[in-house]
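> quick one, fold the following:
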Amino acid sequence: MSHDFPAYAPSEEHELLRATVRELADAKIAPFAAEVDEESRFPQE
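Numbering: from 1, shown residues only. A predicted model of the protein is given here:
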């Protein structure tokens, strides 16, 4: 991520984990969050 300070750049494993979590959030969490927001409710489940 940081080209100026490569020592602080995340590892390849870290980047893969971030991408995987992002895909999961986009596929499973985001649609549910949009529904909850639309209904103006606090999810109890």
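> residue ranges for the helices of this protein, please.
For the chain, the helices defined by DSSP state H occupy 12-24, 30-39.
> let's have the ones you listed in a markdown table, adding mean neighbour count and distance to residue 45.
In this view, the C-beta of every residue, glycine as well, is placed from N, C-alpha and C. Below are the helices of the chain laid out as a markdown table (neighbours: other Cβ atoms under 10 Å; distance: least, Cβ to Cβ, whole Å):
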| stretch | mean neighbour count | distance to residue 45 |
| --- | --- | --- |
| helix 12-24 | 10 | 18 |
| helix 30-39 | 10 | 9 |
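> nearest residue to the middle of this protein?
Nearest to the geometric centre of the chain sits residue 22, at 3.6 Å (Cα atoms, centre = their mean).
> who touches that residue in this structure?
By Cβ atoms under 8 Å, 6 or more residues apart in numbering, residue 22 lies in contact with nothing.
> how far away is it from residue 14?
As judged by Cβ to Cβ, to the nearest Å, residue 22 and residue 14 stand 13 Å apart.
> now do residue 30
22 Å.
> go on, residue 23?
Residue 23 is 15 Å from residue 14, by Cβ to Cβ.
> before we move on, what about residue 28?
Per Cβ to Cβ, residue 28 is found 21 Å from residue 14.
> shaky segments in the chain?
1-3 (pLDDT under 70).
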